[in-house]
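**Student:** sequence and computational prediction follow.
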Protein chains: 2
Amino acid sequence: MTQTLDVRTKLQVTCHNCSLSELCIPRGLNQCDIDRISQIVGRKKTLQKGDYLYRKGDRFRGILAIKAGTAKIVTMDQSGNEYMTAYLLPGELLGFDALADDRHTCSAMALETLSYCELPAEQLDALCRDVPNLLRELFRHAGNTLAAETSQIVLAKRPAEERVAGFLINLSDRLARRGFSPLDFRLSLTRQEIGNFLGLALETVSRILKSFEDGGLIEVNYKQIRIQNLDGLRRLCAEY
Amino acid sequence: MTQTLDVRTKLQVTCHNCSLSELCIPRGLNQCDIDRISQIVGRKKTLQKGDYLYRKGDRFRGILAIKAGTAKIVTMDQSGNEYMTAYLLPGELLGFDALADDRHTCSAMALETLSYCELPAEQLDALCRDVPNLLRELFRHAGNTLAAETSQIVLAKRPAEERVAGFLINLSDRLARRGFSPLDFRLSLTRQEIGNFLGLALETVSRILKSFEDGGLIEVNYKQIRIQNLDGLRRLCAEY
DNA sequence: CGGAAACTTGAAACCTTTCAAGAGTCGTGG
DNA sequence: CCACGACTCTTGAAAGGTTTCAAGTTTCCG
C-alpha cells in the first residue's frame, strides 16, 4: 500500500527508522555507519511554505535531506527574472550548488510545510574519514543532481507538449521510487511555476494539461493529477 | 601576451610545467601533492576529430582533463536525436556524468585534434587518501560542472538572441581565464552544433550572428569570431 | 464570507522554424 | 596547384508553435 504525498504524514527522527533511509544518504552503508551519521544529522527542522532552506550567496552549511514536503531550487538573473532549476521531493538531497566555491549559487524554497535533516559542512570531512563509503554516496548524489540537470537541458529542447509529458513522467517515476503513489498526486507547484520550470507560459501549461485530459491520458483537478495512461504519456515523450 | 586557441600549440607533459595547472586538477595543492598526481596522471593521450573520449554506457575510467583541443558532451534520446549539453575547452575537466552510477550517461567527442590526461578511477580512492586536498578539488570541479549546467538551463529559457549572446560571452570569459584571447577565437562547432547546444535552428544562429555583425558587436568570418563590443553583448544578455 | 490568487479559455501577435535555393569553404585526389 | 564534391553557411519567404493580452471562473485563505 503506497501513501499519498502528504506533508502531514509523521516521519521518524533518526536515520535508523527513517522511511527514506533507502533513498537518502545512508544507502549502501552498514548499521554502524548509519549510527555515526544519525548522531550528527540530528533532529529534523521544520519550515513553512515560502521559507528558504538557503539563499543564493549563503555560505555552504551542509547537505540537506528533505524528509517531508517539497522544495524548489531557483536562481535569478540581473534583471530579476526567476528561474526554477529543480523540484525536489521527500528523500531527495540538496545543497550541491555550493560545491564549487562554498557559496550557494541558487536559493532553495519550501513549497509547503517541509522538514529536513542536515549533514553539517564542518563535520563532513571528519565523517568521511570515519565512514569511507559515505564519500562515495555523496559523490553519487552529486552525480544524481548533475544527471537531473542534464535531463532538464534535454527536455528544454523538446516541444511544449513533450516537456509537460516529460515533467509528469519524471515526477511519477520519482514518486514511485519513494513509495508514493505514482499515478495520483498533488502538485505543490502553481501553473506559473511549472511554466517557469519548463520554459513555458503558464497558459501553455494549462492548455496542454487540458489536452492530455481530453485525450484520456490524465485527469486534472487543479493541482490534483491522476495519471490514467502512463504509457500513452511516455509515447509522447522522446526522452523517456 | 595571450595565445590564440590552436591545437597545434605544443603543451607540456607533466602537471608541474603544464600551462593548465592553475585550472586543472592541481589548483590549491602543494608541490608534493602535485608530484604524486603527476606520476599517476601520466602521459597525455591524443585523439582525432570525431573520436570519442568516452561513450554513453561506458564504465567510468576516470576524470579526464583536456590539455589541447575542444570537445562536446552529447546525449541521445530514444528517437536518436542528439543533444549537446556542454562544450569544453583546454584546461576543463570531464567525466563527472558517470558519478551517479559508474556508467557514463553522455558521450564525449573531440571536435578537433585533442590531447588529454587521465586520473584513473581505480587510483582515485588511494590518491584522495594520500592527498586530502584533492578530494576538495574534485568536489569543486564537480560543482563547476553542475554550475555550468545550471547556467545552461537558465540560458535555454531566454530568447534566441540572448542565447547566442550568452554563448559568446561565456566562451569569451572561459577563454580569457585560460590564457587565450577572449576577443578573437575560432569556433570548433558548426552552426548546426551551436544550434543544437542552444536549442535553436542552425539558420537562426546564422541570422543572429549576422545581426550582431550588422550591429557592430562582432565580426564573423565563418568559424572565426572577433568580438568588437563585449559590453554591448553583455547588455543583450540578462544572465551576464 | 470576501478578496486575492490561481486557473481556464479564446484570439491576435510574435518569434522561431521549416523549406528552399544559392554561395562559399575545405579537403582530397588528380 | 587546381578541380571536384561534400559539407557548411547564408538568405528569403511561408508556416507553425508559443506567447501575450484579455476576460471570466474557480479555489483558497484569512
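**Tutor:** On my side now, so go ahead.

**Student:** which parts of chain A sit against DNA strand D?
**Tutor:** Chain A comes close to DNA strand D at residues A:Pro159, A:Ala160, A:Glu161, A:Gly195, A:Gly199, A:Leu200, A:Ala201, A:Glu203, A:Thr204, A:Arg207, A:Tyr222, A:Lys223, as judged by CB under 7 Å from any atom of the strand. From N, CA and C alone the C-beta is placed, and that goes for glycine too.

**Student:** now a ChimeraX select for only the buried ones of the residues you listed.
**Tutor:** In ChimeraX, this line selects whichever of the residues of chain A next to DNA strand D come out buried by 16 or more other CB atoms under 10 Å in any protein chain shown:
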select /A:160,161,195,199,200,204
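
**Student:** ok, the residues of chain A next to DNA strand D vs chain B, which is closest?
**Tutor:** Proximity of those to chain B (CB to the nearest CB) peaks at A:Gly199, which lies at 4.3 Å.

**Student:** okay, now A:Asn221: neighbour count?
**Tutor:** 9 (other CB atoms under 10 Å in any protein chain shown).

**Student:** brain fart, A:Gln123
**Tutor:** 16.

**Student:** so what's it closest to, chain neighbours aside?
**Tutor:** For A:Gln123, ignoring the flanking residues on the chain, the nearest one in space by CB to CB, 6 or more residues apart in numbering or on different chains is A:Ile40 at 5.3 Å.

**Student:** again with A:Pro120
**Tutor:** Using CB to CB, 6+ apart, the closest residue to A:Pro120 is A:Gly62 (4.3 Å).

**Student:** mind checking how far that neighbour is from chain B?
**Tutor:** Applying CB to the nearest CB, to the nearest Å, the value for A:Gly62 to chain B is 13 Å.

**Student:** who's in contact with that residue?
**Tutor:** A:Gly95, A:Glu118, A:Leu119, A:Pro120, A:Ala121, A:Glu122, A:Gln123, A:Leu124 (CB atoms under 8 Å, 6 or more residues apart in numbering or on different chains).

**Student:** by neighbour count, which of these wins?
**Tutor:** A:Gly95 (25 neighbours).

**Student:** quick check: that residue touching A:Ile63?
**Tutor:** Yes. Under the criterion of CB atoms under 8 Å, A:Gly95 makes contact with A:Ile63 at 4.6 Å.

**Student:** number of residues surrounding the residue lying closest to A:Arg163 once chain neighbours are set aside?
**Tutor:** In space, A:Arg163 comes closest to A:Leu198 once its chain neighbours are excluded; the distance is 4.4 Å by CB to CB, 6+ apart. Using other CB under 10 Å, A:Leu198 has 23 neighbouring residues.

**Student:** so how far is A:Glu122 from the residue nearest the centre of chain A?
**Tutor:** Nearest to the geometric centre of chain A sits A:Leu88, at 1.4 Å (CA atoms, centre = their mean). According to CB to CB, to the nearest Å, A:Leu88 and A:Glu122 sit 24 Å apart.

**Student:** A:Thr113 too?
**Tutor:** 28 Å.

**Student:** which helix runs longest in chain A?
**Tutor:** helix A:132-155 (DSSP state H).

**Student:** relative to helix B:132-155, how tilted is it?
**Tutor:** Angular relation of helix A:132-155 and helix B:132-155 on a 0 to 180 degree scale: 20 degrees, by axes from the mean of the first three to the mean of the last three CA atoms, to 10 degrees.

**Student:** do helix A:132-155 and chain B meet?
**Tutor:** Yes. Using CB under 8 Å from any CB of the partner chain, helix A:132-155 reaches chain B at A:135, A:139-140, A:142-147, A:149-150, A:152-154.

**Student:** so which elements touch the host helix or strand of A:Ser172?
**Tutor:** Following DSSP states H and E, one finds A:Ser172 within helix A:160-177. In this structure, helix A:160-177 packs against helix A:132-155, strand A:184-186, helix A:191-198, helix A:202-214, strand A:224-227, helix A:230-236, with contacts taken as 3 or more CB pairs under 8 Å, 6 or more residues apart in numbering or on different chains; DSSP states H and E.

**Student:** looking at the residues of chain A next to DNA strand D, spot the one nearest A:Phe180.
**Tutor:** Within the residues of chain A next to DNA strand D, the smallest distance to A:Phe180 is 14.9 Å, found for A:Lys223 (CB to CB).

**Student:** that closest one and A:Glu193 touch, don't they?
**Tutor:** No. A:Lys223 is beyond contact range of A:Glu193, at 10.8 Å (criterion: CB under 8 Å).

**Student:** close to DNA strand C: what parts of chain A are there?
**Tutor:** A:190-192, A:202-203, A:205-207, A:209-210, A:220, A:222-223.

**Student:** switch to 6 Å and redo it
**Tutor:** Contact residues, chain A versus DNA strand C (CB under 6 Å from any atom of the strand): A:Thr190, A:Arg191, A:Gln192, A:Leu202, A:Glu203, A:Ser206, A:Arg207, A:Leu209, A:Lys210, A:Val220, A:Tyr222, A:Lys223.

**Student:** just give me the least confident of those residues.
**Tutor:** In terms of pLDDT, the lowest of those is A:Tyr222, showing 92.

**Student:** list phi and psi for that residue.
**Tutor:** phi 50, psi -120 (degrees, to the nearest 10).

**Student:** could you chop chain A up by domain?
**Tutor:** Domain ranges of chain A: A:2-155, A:160-239, per automatic domain parsing.

**Student:** distance between the last one and the chain's centre?
**Tutor:** Put plainly, it is domain A:160-239. In this view, domain A:160-239 has its centroid 15 Å away from the chain centroid, taken as CA atoms, centre = their mean, to the nearest Å.

**Student:** and for the longest one?
**Tutor:** Averaging C-alpha coordinates over domain A:2-155 and over its chain gives two centres that are 9 Å apart (CA atoms, centre = their mean).

**Student:** that domain - what's its average pLDDT?
**Tutor:** Computed over domain A:2-155, the mean pLDDT rounds to 85.

**Student:** give me the neighbour count for A:Lys56.
**Tutor:** A:Lys56: 16 surrounding residues under other CB under 10 Å.

**Student:** secondary structure element for it?
**Tutor:** Applying DSSP H and E, one finds A:Lys56 in no helix or strand.

**Student:** same thing with A:Val220?
**Tutor:** A:Val220 is part of strand A:218-221, with elements assigned from DSSP H and E.

**Student:** which residues does that strand contact?
**Tutor:** By CB under 8 Å, 6+ apart, the surrounding residues in contact with strand A:218-221 are A:Leu168, A:Leu209, A:Lys210, A:Phe212, A:Glu213, A:Ile225, A:Arg226, A:Ile227, A:Gln228, A:Asn229, A:Leu233.
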